[in-house]
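Peer 1: here's my sequence, what's the structure:
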Amino acid sequence: MTNPSTEVARDDWEGHWRDYDQAARHNPAQRYRRQIACRLLERAGCAGDVRILDIGSGQGDLALDLHRNFPTAQIAGLELSARGVEISREKVPAAQFFQCDLLEPAAGPNALRAWAGYAVCSEVLEHLDHPAAFLQSAGQYLAARSVLVVTVPGGPQSAFDLHIGHRRHFTPGTLRALLENSGFTVELATTAGFPFFNLYRLTVILRGRHLIADVDHKSQGWTSWLARAVMALFRPLFALNILGTRLGWQTVAVARWNAETRQRDSVTA
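Peer 2: All right, here's what the predicted structure looks like:
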């Protein structure tokens, strides 16, 4: 797990989805992460009329891919940002989206308690000061032994990462430890993205703080078009990335929720 060398900006998710929704839609790295999540769900047996929970559902791009890949599944999303929920409901009307703060456990939707047989938490934990508390709170929406797929960034942090609120990046070992300490049994913890995702991330790091303006929704200059061209260039190359080499700068895990263990811990605490 890497630590930022400078102070992390305060999270503003309403502003984030206002400014970067379009960039997120076209970002090949985000698309690649969603593909990994869907592939790992399939490997875990996700099929048919199952219930899938998107934990930290953002502006709905992952939920849309889940709907496309698992068309008979019931899909729900939990998201802190009102703007994110609004965009998601427009994008995926077949799914349910709820605005809630998972660090305030009593505030969540009662209809989803112990609801999900499968869940995804993609590119969320790196933004949190207390990721273990977040995961434990999310557990109340998971059925016993449900499958959780997690993606988080690995490798070095960029100026843009710091700008959008990354507290840390993860290795397979630190992600495994976090999940185990939060009540999950980890079945897989590895990396993905070697070699082309790493190369893409390197271009992001080298661009530095200039990338913040490049991908802002108000940006119309040549740098904005250059950013889009770079994204388009890498998109087909990402099909050649390798999952599980331990060399990639994307960290992923598959785990199962130990509901009974967490309940015993709560009683004895």
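
Peer 1: can you give me the strands for this protein?
Peer 2: Using DSSP state E, the strands of the chain run over residues 51-55, 74-79, 96-99, 116-122, 142-153, 184-194, 242-243, 250-257.

Peer 1: quickly, which of those strands bottoms out on average pLDDT?
Peer 2: The weakest mean pLDDT among the strands of the chain belongs to strand 242-243, with a mean of 93.

Peer 1: from residue 132, how far out is residue 102?
Peer 2: 12 Å (Cβ to Cβ, to the nearest Å). Heads up, the C-betas are built off the backbone N, CA and C, glycines and all.

Peer 1: just want to know which of these two has more residues nearby.
Peer 2: Neighbour count, other Cβ atoms under 10 Å: between residue 102 and residue 132, residue 102 has more, with 24 against 15.

Peer 1: give me the neighbour count for the residue nearest to that one when sequence neighbours are not counted.
Peer 2: Distances taken as Cβ to Cβ, 6 or more residues apart in numbering place residue 137 nearest to residue 102, at 4.5 Å, with adjacent residues excluded. Neighbourhood size, residue 137 [other Cβ under 10 Å]: 22.

Peer 1: surely residue 137 is in contact with residue 106?
Peer 2: No - assessed by Cβ atoms under 8 Å, residue 137 is found out of contact with residue 106, at 9.6 Å.

Peer 1: and for those two, which residues touch both?
Peer 2: Contact criterion Cβ atoms under 8 Å, 6 or more residues apart in numbering; residues shared by residue 137 and residue 106: none found.

Peer 1: just the CA trace of stretch 148-168, in PDB.
Peer 2: Output of stretch 148-168 as PDB, limited to C-alpha atoms (Å, rounded to 0.1, in the frame of the first residue of the first chain):
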ATOM      1  CA  LEU A 148     -17.500  -9.700  -3.200                       C
ATOM      2  CA  VAL A 149     -15.300  -8.600  -6.100                       C
ATOM      3  CA  VAL A 150     -13.000  -5.600  -5.300                       C
ATOM      4  CA  THR A 151     -10.900  -3.500  -7.600                       C
ATOM      5  CA  VAL A 152      -8.500  -0.800  -6.300                       C
ATOM      6  CA  PRO A 153      -5.500   1.000  -7.800                       C
ATOM      7  CA  GLY A 154      -2.000  -0.300  -7.300                       C
ATOM      8  CA  GLY A 155       1.300   1.100  -8.300                       C
ATOM      9  CA  PRO A 156       2.400   4.700  -7.800                       C
ATOM     10  CA  GLN A 157       0.000   7.600  -7.300                       C
ATOM     11  CA  SER A 158      -0.400  10.400  -9.800                       C
ATOM     12  CA  ALA A 159      -1.100  14.100  -9.200                       C
ATOM     13  CA  PHE A 160      -4.600  13.400 -10.600                       C
ATOM     14  CA  ASP A 161      -5.100  10.600  -8.100                       C
ATOM     15  CA  LEU A 162      -4.300  12.900  -5.200                       C
ATOM     16  CA  HIS A 163      -6.600  15.600  -6.700                       C
ATOM     17  CA  ILE A 164      -9.600  13.200  -6.700                       C
ATOM     18  CA  GLY A 165      -8.900  12.000  -3.200                       C
ATOM     19  CA  HIS A 166      -6.900   8.800  -3.200                       C
ATOM     20  CA  ARG A 167      -5.600   8.100   0.300                       C
ATOM     21  CA  ARG A 168      -3.600   5.100  -0.600                       C
END
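
Peer 1: buried ones in that stretch?
Peer 2: Neighbour-count burial for stretch 148-168, counted by 16 or more other Cβ atoms under 10 Å, picks out 148-155, 157-158, 160-162, 164-168.

Peer 1: any chance of the strands of the chain in TSV, with distance to residue 232 too?
Peer 2: Formatted as TSV, these follow (distance: least, Cβ to Cβ, whole Å):
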stretch	distance to residue 232
strand 51-55	26
strand 74-79	28
strand 96-99	29
strand 116-122	22
strand 142-153	22
strand 184-194	18
strand 242-243	22
strand 250-257	20
